[in-house]
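[1] Okay, here's the prediction I keep looking at, along with the sequence it came from:
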Amino acid sequence: MEIVSRTPCTDCKTLPDAPYETLRGRATFALDPNAPANARIVDLKNAPRDARGRVVFSTDFTVLRPVHAVDSTLLYDVSNRGEPITRGLDYALDPKGARFENTGFLERHGFTVVASAWGWDVASGARGDERLIFQAPVAYGHGGPITGKVANEFTVDKATAETSFAGIEGRAYPMATPDDPAAVLTARHRPDDPRKPLPRSTWRLLPASDGGVPSHIALDGGFRPGTLYELTYMARDPVVVGAGPAGIRDLLAWLRTHPLEGAPPPRRTLLIGISQTGRLIQQMLYEGFDLDEHGQRVFDGALAVVAGAGRGSFDVRFGFPTRAANMVVDRDYPTDIFPFATGPTRDPVTGRTGSLFERAHGADGAAPKLFIVNKSTEFWGRAASLMQTTPDGRADAPQDPAVRLYLLAGMQHFPGGERERGERVNCTDPIMDLPYLRALLINLDEWVKGAIPPPSAYPRLSGGGLVSVAEYDRLFPKINRLTPPMAAFTPLRLDFGPRFTSAGIEDNVPPEQGAPFAVLVPRPDPDGTDAGGLQPVELRAPLGTYTGWNPMGSVTGFGWALDRFQGSFQPFARTEAERRAANDPRPSLEARYPTRAAFLAAARLAAAKAVADRTLLAEDGDGIVSAQGAFYDRILAHPPGDQSCAYLRPKPPKN
């Protein structure tokens, strides 16, 4: 562990007697390929070794912590594409909902926040100079480089002559033969359409600006929206992708047993990951990376947010951690693979039985405390119901006792409320998730200390809370300009070849497609908002309909699909007269709240109930009520004929 810098935290909001500091450093690891705990790491035995027979690699890390040694919970921030994400928990919208203000949440609660890089395929310069870099080992064969076929699927948002083919801010593997004449670029309009090769003479790779591996491609006549492109070639030099999660495991193991720059080891360690990194947490539990090489636990609890039912290419040969399947792109990568639930289930198609936690239990039979938190969007775009049901969608799945499942109802993947529609059909869902994530983090910390957390809150088949897409359409109210989708993202059983399960090697590229899994969605209430799960204040005293889906606009060329991240919002009519004129079946604001004071009273009551349920911290209650009051005012000032989205969020004031 090498500390490169140690400086006061200048943007931390702390008490005068509890200052924070930031450490930045580099950690170097040495993995024994023959240790049983490392046996599952794909290609580790093919990586170069030092004189002791170990595989050496390194990563950047940062530490945000109290200057004075305290009994602090260590919160490991599973960085997303080289960028730590946890500091967002410090921020809340101001009373008018115009801009974010630093509340000092992490500092007031004494958290020590650690982040390190773990993904090899973050593009150079993608996140700026402060991003974290992971130097992963590369595997080599005994008689020369290891080669294998790779597929790079991509789309473009607008017509362009050149673009990246390496995924979201990703990197590419080098071609086994430079500028390989046998490489193939195909085009198709939908994932299930036949791939049509484009003439090799019409496209070419562009040299990398840093002199490294090319990841950009040019096409005569240009790339067009609405088309799925795929570049396939024989690659060489696979990265030992699984060294990334193994490095997280070993960094946490070291921090649990060693003082760092004058601070004692933490008594508790939690993980938090959002989206891609929530999937990584689920992968680490499946691989047993919650236990170190000696079988000792390295973290006590984890908060996996908006991961859906997926894991990812986090420990496969020629894996791309940045890839994640959705309705349009990346469906042929190993993201959504059985098993899904934390309790044992059986796949009736393959006959296989398994669970997400099958390797997560230590010698004491216990597993880390886990909060699995999805939003409404994950049921439409990331098949979240598979975590809750059997693969055929016919029964609720058993869950491990160490797990709580929560649906943050009525919310989209990322906080929304954009003033512009962009490339989506509807205005986006404006609910801010940060207050509820703060409460969940405190509940998880208290659970690790011994307190019982709030019970799971998610829709179940047994209570009628999960329905088919067709049943959802039947139940959804007939609201003008808010038409429910006819399909949700539905993963297929994929056959990557005979060596995939045992060795993590994809022999079938693309994979052979099998039967689909069964995907269900939450039942809507009479207003069209999801009826089950954890109901935020915005749904307990609603101002409109909040959905987890939002169709892509025709300008994208994928108007048949849903946006992978965004939900929709449609306000209630302001008055009963406007409601009748629009033939809107939902009661108007006037019918629900006769006066502004009546709405504020309902919002305050909703906030008080959420605090009592421990789904909201008392410190966030007044802010949400104030922001909702300002939103109420903007809706009343927004005439029904105005179809713009600017009212969702006021313009932030100029600094």
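    Alright, I've got the coordinates.

[2] where are the low-confidence patches of this protein?
    123-130, 655 (pLDDT under 70).

[3] what about the longest helix in it?
    If you go by DSSP state H, the chain has its longest helix at helix 618-636.

[4] any idea how far residue 120 is from residue 370?
    Applying Cβ to Cβ, to the nearest Å, the value for residue 370 to residue 120 is 26 Å. (Each C-beta comes from the backbone N, C-alpha and C, glycine too.)

[5] no no, residue 372
    From residue 372 to residue 120 the distance is 26 Å (Cβ to Cβ).

[6] neighbour-wise, which of these two wins?
    Legend: neighbour count by other Cβ atoms under 10 Å for residue 372 and residue 120, higher for residue 372 (29 against 25).

[7] and whichever strand or helix holds that one, what other elements does it pack with?
    Counting by DSSP states H and E, the element that carries residue 372 is strand 369-375. When contacts are defined as 3 or more Cβ pairs under 8 Å, 6 or more residues apart in numbering; DSSP states H and E, strand 369-375 sits against helix 276-287, strand 301-305, strand 403-408, helix 434-449.

[8] what's next to it, contact-wise?
    278, 281-282, 285, 300-308, 342, 382, 384, 387, 400, 402-409, 411-413, 433, 437, 440, 443-444, 447-448, 453, 458, 548, 567 (Cβ atoms under 8 Å, 6 or more residues apart in numbering).

[9] Likewise for stretch 474-486?
    380, 426, 467, 469, 472-473, 523-524, 526-528, 545, 547, 549, 551, 562, 568, 570, 582-586, 643.

[10] mind listing what's buried in the strand holding residue 372?
    369-375 (16 or more other Cβ atoms under 10 Å).

[11] same deal with stretch 353-373?
    Buried-residue list, stretch 353-373, by 16+ other Cβ under 10 Å: 354-357, 359-361, 367-373.

[12] before we move on, what about stretch 133-144?
    For stretch 133-144, by 16+ other Cβ under 10 Å, it's 134, 136-140.

[13] cool, stretch 89-107 as well?
    89-94, 96-97, 100, 103-107.

[14] Can you give the contact residues for it?
    By Cβ under 8 Å, 6+ apart, stretch 89-107 touches 11-15, 18, 20, 64, 66, 75, 86-87, 113, 417, 432, 434-435, 437-438, 441, 619-620, 623, 626-627, 630-631, 649-653.

[15] Quick one: end-to-end distance for that stretch.
    10 Å (Cα to Cα, to the nearest Å).

[16] do you know how far residue 142 is from residue 466?
    Noted for residue 142: a distance of 51 Å to residue 466, by Cβ to Cβ.

[17] what about residue 477, neighbour count?
    15.

[18] Residue 281 now?
    By other Cβ under 10 Å, neighbour count at residue 281 equals 29.

[19] Just confirm it contacts residue 270, I think it does.
    No: counting by Cβ atoms under 8 Å, residue 281 stays clear of residue 270, with 10.6 Å between them.

[20] anything in contact with each of these two?
    residue 302.

[21] with the buried residues of stretch 133-144 in mind, which one is nearest to residue 316?
    residue 139 (11.8 Å; Cβ to Cβ).

[22] any idea how far the closest one lies from residue 239?
    7 Å.

[23] Direction included, what does the strand holding residue 372 pair against?
    strand 301-305 (parallel), strand 403-408 (parallel) (DSSP bridges).

[24] Just checking, which helix or strand succeeds it along the chain?
    With DSSP H and E, the next secondary element past strand 369-375 is helix 376-381.

[25] Dump that next one to PDB, restricted to CA.
    In PDB, the C-alpha atoms belonging to helix 376-381 read as follows (Å, rounded to 0.1, in the frame of the first residue of the first chain):
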ATOM      1  CA  SER A 376     -39.400   0.400 -11.400                       C
ATOM      2  CA  THR A 377     -37.200   0.800 -14.500                       C
ATOM      3  CA  GLU A 378     -35.200  -2.400 -13.700                       C
ATOM      4  CA  PHE A 379     -38.400  -4.500 -14.000                       C
ATOM      5  CA  TRP A 380     -38.900  -3.200 -17.600                       C
ATOM      6  CA  GLY A 381     -35.200  -2.900 -18.700                       C
END
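
[26] got a list of contacts for that helix?
    306-308, 326-327, 384-385, 407-413, 485, 488-489, 519-522, 530, 546-549, 562-567.

[27] How far off centre is that helix?
    12 Å (Cα atoms, centre = their mean, to the nearest Å).

[28] Kindly report the same for stretch 558-576.
    With Cα atoms, centre = their mean, you get 21 Å for stretch 558-576.

[29] Stretch 280-296 too?
    Worked out by Cα atoms, centre = their mean, stretch 280-296 lies 19 Å from the chain centre.

[30] Over to stretch 173-180?
    For stretch 173-180, the distance to the chain centre is 31 Å (Cα atoms, centre = their mean).

[31] before we move on, what about stretch 381-391?
    15 Å.

[32] Ends of it, what's the gap?
    Start-to-end, stretch 381-391 (Cα to Cα) is 17 Å.

[33] just stretch 234-242 next, same as before
    21 Å.

[34] Ok, stretch 456-466 next?
    15 Å.

[35] Likewise for stretch 463-474?
    18 Å.

[36] How about stretch 392-404?
    22 Å.

[37] now it, how far from the chain's geometric center?
    That offset, for stretch 392-404, works out to 21 Å (Cα atoms, centre = their mean).

[38] May I see the buried residues of that stretch?
    Those would be 393, 396-397, 399-400, 402-404, for stretch 392-404 by 16+ other Cβ under 10 Å.

[39] How far does stretch 285-296 stretch from one end to the other?
    End-to-end for stretch 285-296, by Cα to Cα: 14 Å.

[40] now do stretch 585-597
    OK, stretch 585-597 end separation, Cα to Cα: 25 Å.

[41] want to throw the buried residues of stretch 353-373 into CSV with distance to residue 230?
    CSV is the format used below for those (distance: Cβ to Cβ, whole Å):
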residue, distance to residue 230
354, 30
355, 33
356, 30
357, 35
359, 33
360, 35
361, 40
367, 39
368, 38
369, 41
370, 35
371, 36
372, 32
373, 33
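
[42] Between those, which sits nearest residue 254?
    Among the buried residues of stretch 353-373, and counting by Cβ to Cβ, the member closest to residue 254 is residue 368, at 17.8 Å.

[43] ok, now which ones touch the closest residue to residue 225 other than its chain neighbours?
    Distances taken as Cβ to Cβ, 6 or more residues apart in numbering put residue 557 closest to residue 225, at 4.0 Å, once the chain neighbours are dropped. Neighbouring residues of residue 557 by Cβ under 8 Å, 6+ apart: 189, 224-227.
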